[in-house]
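Colleague: Sequence and computational prediction follow.
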There are 2 protein chains.
Amino acid sequence: MSPSDGDPARPARGRPRSFDREVALDQAMRVFWSKGYAGASLGDLTSAMGIASPSLYAAFGSKEGLYSEAIHRYVAVHEADFWGVMSAATARESVESLLRKAAEAFSTPDSPQGCMVLQTAMEAHELSPELGASLCDLRASNAQTLERRLLKGIEEGDVAPATDARAVADFYATIHKGLSVSAKGGASRQELDSVVTSAMAAWGPLTGG
Amino acid sequence: MSPSDGDPARPARGRPRSFDREVALDQAMRVFWSKGYAGASLGDLTSAMGIASPSLYAAFGSKEGLYSEAIHRYVAVHEADFWGVMSAATARESVESLLRKAAEAFSTPDSPQGCMVLQTAMEAHELSPELGASLCDLRASNAQTLERRLLKGIEEGDVAPATDARAVADFYATIHKGLSVSAKGGASRQELDSVVTSAMAAWGPLTGG
DNA sequence: GCCAATCTGTATCGATTGGTACAGAATAGC
DNA sequence: GCTATTCTGTACCAATCGATACAGATTGGC
């Protein structure tokens, strides 16, 4: 592997890179986000990133390497919000805020619609087994985070002790996935928000209130 | 267009087709179902169908034509169940049965996982505008059917008159979408069924019971 | 038997795919 | 200035994509 493959460190000598690696990665992320891995051709990527293919390969190694970095950047950018929401006062507030944030983010016209991670479910068979498994874990992590927040709520007393945290987490994670699909299909923020409101109506019965 | 394009009618003369058009279409449906439109190459399709590409083009016109027929066959095969379920005694029974049937169908190892129609959301940009719009309508039709069933429930008295049928339908349609994504990710029937049970806990609050 | 019609299989088409060879340009160290 | 090193842009690679030309095979009608 060449010393520059994916290495963000500035080398001591040689012609400097003429583009901003993070900006280019952001552009690539948006292309993958809206078209998926297979749907995004190298031509789509290089034109969006403003560079030629040899520069892309020197900086990111391969199309799959670029995709992997784009996904991880997407997660890094959005997990800040995620953890902020999860530290709300009660589990119920955390879950509702998460879904409201998702409804807003999935439907904003400033970026592609839906969740970039959840949309990867269809293309696991086009990727290397390692990256496919990594994406599968990433998709499952939402439910795990929700479950941990619910268990914390039980500890802190704002959720009934008999609550099946796993089942409740799976339920709201399923809503999350459904919101992503609806958004990809063109649903408005109002429509998604209405679904969140409906989903929160289940909170009482589900947590034994 | 040649007289044989997509025409299932047996011509009066000429060498007869050496394969069963419906069987071949079923095989193609399974390939598209598991890999999506772009992910299914002609090689995948012809080898699964057991025919060479000229026979495919003579019988179905084009890859997109074959995909369109495969989707419509999928809908035709599954909508029988769908209508049966929708004619249950109460709206609640109809909705729950629909979701239970979906949970079972999405996770059965006998066929690809998840819903073939709902999985089309990511590939609208690879298809002709007409087929893309047709698939979008197909994806929206679940919510419309649920809404009609709820309105019938209000008429028949098993659903409270003040119920927001549109909102409740959108909620359960979102669960339906989420179940498809979870199944594609490998969720078991038990996991999906658990989510359905959780979702039905919202029925009372949502229908003002 | 013969012709018209239709399907099958091989072999291939041009376009596009992901990926790279190579020459020239730009930098740091000396 | 000179060399080593690294990036850029053109031009190109083999492989694969969806789709087809064509010759041979198989039928019904006459």
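Modeller: Structure's in. What do you need?

Colleague: Look at the residue of chain A found nearest DNA strand D and say how many residues are nearby.
Modeller: Closest contact between chain A and DNA strand D, by C-beta to the nearest atom of the strand, is at A:Gly14 (1.9 Å). Where C-beta positions appear, they are placed from N, C-alpha and C, glycine not excepted. Using other C-beta atoms under 10 Å in any protein chain shown, A:Gly14 has 8 neighbouring residues.

Colleague: and whichever helix in chain A runs longest, how far out from the chain's middle?
Modeller: Identified as the longest helix of chain A according to DSSP state H is helix A:129-156. Relative to the mean C-alpha coordinate of its chain, helix A:129-156 is positioned 12 Å out (C-alpha atoms, centre = their mean, to the nearest Å).

Colleague: Could you tell me the average pLDDT over it, please?
Modeller: For helix A:129-156, mean pLDDT is 96.

Colleague: for the helix or strand following it, packing partners?
Modeller: Downstream of helix A:129-156, the first helix or strand assigned by DSSP states H and E is helix A:165-184. With contacts taken as 3 or more C-beta pairs under 8 Å, 6 or more residues apart in numbering or on different chains; DSSP states H and E, helix A:165-184 sits against helix A:91-107, helix A:129-156, helix A:189-200, helix A:203-206, helix B:165-184, helix B:189-200.

Colleague: Tell me which of the ones you listed is the most buried.
Modeller: Across the helices and strands packed on helix A:165-184, averaging neighbours per residue (mean count of other C-beta atoms under 10 Å in any protein chain shown) puts helix B:165-184 on top, at a mean of 25.

Colleague: that older thread, reformat the helices and strands packed on helix A:165-184 as a markdown table; add distance to B:Lys101.
Modeller: What follows is these, written out as a markdown table (distance: least, C-beta to C-beta, whole Å):
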| stretch | distance to B:Lys101 |
| --- | --- |
| helix A:91-107 | 26 |
| helix A:129-156 | 23 |
| helix A:189-200 | 21 |
| helix A:203-206 | 23 |
| helix B:165-184 | 10 |
| helix B:189-200 | 10 |
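
Colleague: Does the longest helix of chain A reach DNA strand C?
Modeller: No: taking C-beta under 7 Å from any atom of the strand as the criterion, helix A:129-156 and DNA strand C are apart, separated by no less than 12.3 Å.

Colleague: ok, A:Lys35 - contacts?
Modeller: A:44, B:125 (C-beta atoms under 8 Å, 6 or more residues apart in numbering or on different chains).

Colleague: quick one: the one helix or strand it maps to to helix A:165-184, angle?
Modeller: Following DSSP H and E, one finds A:Lys35 within helix A:21-39. Between helix A:21-39 and helix A:165-184, the angle comes out at 90 degrees (axes from the mean of the first three to the mean of the last three C-alpha atoms, to 10 degrees).

Colleague: Against which helices or strands is the helix or strand that helix A:21-39 is followed by packed?
Modeller: Counting by DSSP H and E, the next helix or strand C-terminal to helix A:21-39 is helix A:42-49. Contacts defined by 3+ C-beta pairs under 8 Å, 6+ apart place helix A:42-49 against helix A:21-39, helix A:53-60, helix A:63-86.

Colleague: Dump those helices into CSV; add mean pLDDT as well.
Modeller: Formatted as CSV, the helices and strands packed on helix A:42-49 follow (pLDDT from 0 to 100):
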stretch, mean pLDDT
helix A:21-39, 97
helix A:53-60, 98
helix A:63-86, 92
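
Colleague: Would you mind finding the most buried of the ones you listed?
Modeller: Across those, averaging neighbours per residue (mean count of other C-beta under 10 Å) puts helix A:21-39 on top, at a mean of 19.
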